[in-house]
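Colleague: Quick check, what structure comes out for this input:
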Amino acid sequence: MITIIGSINFDLIARSPKLPEPGETLTGSAFSTAAGGKGANQALAAARAGAPVRMVGAVGHDAFAAQAVALLRAEGVDLSRVATRGDATGIALITVEDSGENTIVVIPGANGLVSEDDVNVADLDGGYLLLQMEIPLPALEKAIAISETSETTCILNIAPWRDDAAALLPRADIIIANETEFDLAAIQLELSGETRIEKMIDFAEHYGRTLIVTLGAEGVMVATPDEHYSLPALKIKPVDTVGAGDTFCGYLAAGLDNGLPLREACQRAAKAASMACLKIGAQPSIPHASEI
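Modeller: Okay, the predicted model is just below:
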């Protein structure tokens, strides 16, 4: 079982030939909507990878709430621990340029009201716990604390990065970051080494944890207390990179939950993340296991 405590958003997506500069107004080429939020995206990815998943989070008392969880419900994710709280469901304003790169502005809405009480009703006792950083820090701290005193393996995706959460990294069993997030974390944690992999090894050996850094088209780097290695991404022409990182996280958790060794779980997750870049939108682009 994979328990995901995290954000649930509704995405408003504009496509444009390029990303606007400060003060610049551009004419876009298309507009679409899709369910999103890092927590919900990762829950959907884990479910589509074939794992049993339960979601813990909150949506608002608005018209976006039902749309934000529609795909999760369709894929059989347990939504019994998703609360309705506050006026607004979380919203993400996304601009995607033709190259596939994007900018995102997130309005937390109900995600900012996820509390320690929500964590308590998650009934964590074994399996895998997958966390991100789009919910309040006290809820994250509570979830990690419970995982430390149970048979639960905690996977922490440090996105979006926040300096006040740096102390949580050594407490999670597996940490997932993209290259920018890891570089910021390395500064906060004062990791030793000249190169990124040297700093990753320093973290893994010093804290006895597993660290995974995703590099987009360059693949993935992994450092454990015992070894380190790199894995390639698929060679593709990206259409939209939104949701690729979340796809990786969900597929990784599902692979581990299904008993795959870490290297094989990372390889499968990297393939799924690459494939998620071939369609528009975060959740609609997440592939099913049969496609991998």
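
Colleague: For this structure, just list every one of the helices.
Modeller: For the chain, applying DSSP state H gives helices covering 38-48, 64-74, 116-120, 137-148, 179-189, 196-207, 244-257, 262-276.

Colleague: check contacts around the spatially closest residue to residue 183 that is not a sequence neighbour.
Modeller: Spatial nearest neighbour of residue 183, excluding adjacent residues (CB to CB, 6 or more residues apart in numbering): residue 196 at 7.1 Å. The C-beta positions use only the backbone N, C-alpha and C, and glycine is treated the same way. Contact analysis of residue 196 by CB atoms under 8 Å, 6 or more residues apart in numbering lists 179, 182-183, 186, 213, 221.

Colleague: again, only this time at 7 Å
Modeller: With contact set as CB atoms under 7 Å, 6 or more residues apart in numbering, residue 196 has these partners: 179, 182, 213.

Colleague: just residue 186 next, same as before
Modeller: residue 199.

Colleague: Start at 45, not 1
Modeller: Right, with 45 as the first residue, what we last looked at is residue 230.

Colleague: what about the strands in the stretch 45-194 of the chain?
Modeller: 46-49, 53-60, 74-80, 97-103, 122-128, 134-141, 146-151, 172-175 (DSSP state E, counting those that start in this stretch).

Colleague: and residue 115, how many neighbours?
Modeller: A total of 21 residues lie near residue 115 under the criterion other CB atoms under 10 Å.

Colleague: The residue nearest the centre of the chain and residue 209: what is the separation?
Modeller: Among the residues of the chain, residue 290 comes closest to the average C-alpha position under CA atoms, centre = their mean, at 3.7 Å. Using CB to CB, to the nearest Å, residue 290 is found at 18 Å from residue 209.

Colleague: Could you do residue 176 as well?
Modeller: Counting by CB to CB, the gap from residue 176 to residue 209 is 10 Å.
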